[in-house]
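Chemist: Sharing a model prediction with you, sequence too.
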Amino acid sequence: MLEKGKPLQTAGKKLNSVVKVKLSKKKMLIFPLLATLSLSAYAATVEYTYSSKEGTHSSEEGTYSPEEEASEYLHKYGYLQKPLESDSEDFSPEEVQEAIRVFQQSFNLPETGSLDKDTLEKMREPRCGLEDPFNQKTLRYLLLGRWRKKNLSYRIYNYTPDMEPDEVITAIRTAFKYWSDVTQLSFKEINHGRADIRISFHKRGVSCTRAFDGPGKVLAHADIPELGTVHFDEDEYWTEGSYLGVNLRIIAAHELGHALGLGHSRFSAALMAPVYGGYKPNFRLHDDDIKGIQALYGKKDQINEVDPIKETEVPAVVPAPTPTSPMPDPCSDNLDAITLGPFGKTYAFKGNYVWTITDFGTGPLMKIQSLWKGLPGNLDAAVHSQRTKRTYFFKGDKLWRYTDFKLNYGYPKLLTRVPANLNAALYWDGNKKIFLFKGDNYWQWDELAWSNLTSKKISSLFTGVPSHVDAAVTWKNSKIYFFKGDNYWRVNKQLRVEKGYPLSIAERWMQCQHFD
């Protein structure tokens, strides 16, 4: 998701000289008179202001110091995480210093751990809105998933009025060609029907599941495989062949990289770098971009394809028939797992069956494999990530990963760094990690970066939560729920069980009126 950072924050009162350049299509660019060309080209409809003497920045949301600005940036892009083990919302000086050092390392700045001028200026450069889950053990490209086929269709559903339709078509076609030129991928444009990759322009608050924010900041966003949506902010001024406005071709190539499964690169010259590099007349993919996409889809001239992703995969075998099990009773049986999932529904699992939970009770019971093909019954745990829109299922020493109801390529995989036979799992938006539970221990797992999977006691983080839980979920109201036996516990923002709990699962969740 590409966005303009807050290079000098919006206000405009402290700059005496501002040039307003009228452009075609009745749009306007506003940028400081002395701003560099590359920066002003992406400062569409934003007035920047910065006072080096005062050291504060102003916006519609108020005025804050460079230190506050840096902390907000580091938290937003994954360098700082909320201190879950503390009631405080603040970060310690040591945490901020280490986050600054890692940021400096990532962007090839002197690793001082101090917020100097160069570091702050780098934070203010236009950039992508996707966080930076860098693997600190390697500079390698980040992979977020892949399509299971290499011949993909795409469709452009509408056009920006800033450019002629033919210009938009050419820019998008060229963006795809960057990737097909170096891989075995091929792309075909269609004008009717549902395409694999769907491209459209949206104004703020109109027909987009993730609303844009008007001119500036977020420029575009894309979903990772195999969802296929790529959206551009129509409130931006889109151009081609010009330093003015936002270059559609390069932005599209970056977003298509995400749509094809690439995360961010730590090489500043790479297309997939977090910081947007601006318009380049002779643009080419960086070597890191090429290696990353080829790791997913192979080289252009590669004949015998070998999967280059070195992960422990379970050998492909024909699954044995699932043993029959009695149909569960949602009003009396313990849960195997519970999770939010596709279409925002709540899914409960028991044996070989799954059902949805609504405000009015339970939906009809269905066989698990009627929704998630290839997924066994009698699960240990399930969790849906709001970060990647993927659903993970755990059983024994194996892990299954699905996008909606489609099993991802290469799954199931073996669990090698956490114990088998987990009790429960949940996604916590506070630090965008997945929590895994077994016995009286828990582990925090970052699905997009290397994690130091060290076990800790549940009681050290969650006060009043029992051990050996059956299931867990972070629900739509952002509250965490734990389930064990007939009862459930709700946890507040301080990660303490709320007063009045536990309560009955059957009465409150399943809406059962008559039960023993």
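Modeler: Cool, the structure landed. Numbers count the residues shown, from 1 in each chain.

Chemist: Domains in the chain, by residue range?
Modeler: Following automatic domain parsing, one finds the domains of the chain at 1-64+126-310, 337-508.

Chemist: can you tell which of those domains is closest to residue 95?
Modeler: domain 337-508 (12.3 Å; Cβ to Cβ). No exception for glycine: its C-beta is placed from N, CA and C like everyone else's.

Chemist: Pull up the distance across the closest one, start to finish.
Modeler: End-to-end span of domain 337-508 (Cα to Cα, to the nearest Å): 17 Å.

Chemist: Likewise for stretch 108-120?
Modeler: Stretch 108-120 end-to-end distance (Cα to Cα) = 13 Å.

Chemist: Check this structure for its longest helix and report it.
Modeler: When the chain is parsed with DSSP state H, its longest helix is helix 165-180.

Chemist: That one packs against which elements?
Modeler: With contacts taken as 3 or more Cβ pairs under 8 Å, 6 or more residues apart in numbering; DSSP states H and E, helix 165-180 sits against strand 151-156, strand 186-189, helix 248-260.

Chemist: How is residue 101 assigned, secondary-structure-wise?
Modeler: The local conformation at residue 101, judged by DSSP: H, G, I helix; E, B strand; the rest coil, is helix.

Chemist: which residues touch residue 234?
Modeler: 160, 201-203, 212 (Cβ atoms under 8 Å, 6 or more residues apart in numbering).

Chemist: From residue 175, how far out is residue 154?
Modeler: 10 Å (Cβ to Cβ, to the nearest Å).

Chemist: before we move on, back to that, could you list the buried residues of the longest helix of the chain?
Modeler: 167-168, 171-172, 174-176, 178-180 (16 or more other Cβ atoms under 10 Å).

Chemist: Tell me the one of those residues nearest residue 446?
Modeler: Closest approach between the buried residues of helix 165-180 and residue 446, by Cβ to Cβ: residue 179, at 26.6 Å.

Chemist: measure the closest one to residue 152 for me?
Modeler: From residue 179 across to residue 152, the span is 10 Å (Cβ to Cβ).

Chemist: which residues do those two both contact?
Modeler: Between them, residue 179 and residue 152 share the contacting residues 185, 187, judged by Cβ under 8 Å, 6+ apart.

Chemist: What are the boundaries of the helices in the stretch 51-200 of the chain?
Modeler: 66-76, 93-106, 117-123, 165-180 (DSSP state H, counting those that start in this stretch).

Chemist: Save those as JSON lines, and put in distance to residue 377 too.
Modeler: Shown next, in JSON lines, are the helices of the stretch 51-200 of the chain (distance: least, Cβ to Cβ, whole Å):
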{"stretch": "helix 66-76", "distance to residue 377": "40"}
{"stretch": "helix 93-106", "distance to residue 377": "43"}
{"stretch": "helix 117-123", "distance to residue 377": "49"}
{"stretch": "helix 165-180", "distance to residue 377": "39"}
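
Chemist: Now do the strands in the stretch 401-516 of the chain.
Modeler: Counting by DSSP state E, counting those that start in this stretch, the stretch 401-516 of the chain has strands at residues 406-407, 413-414, 424-428, 433-438, 441-445, 456-457, 471-474, 480-484, 487-491, 503-504.
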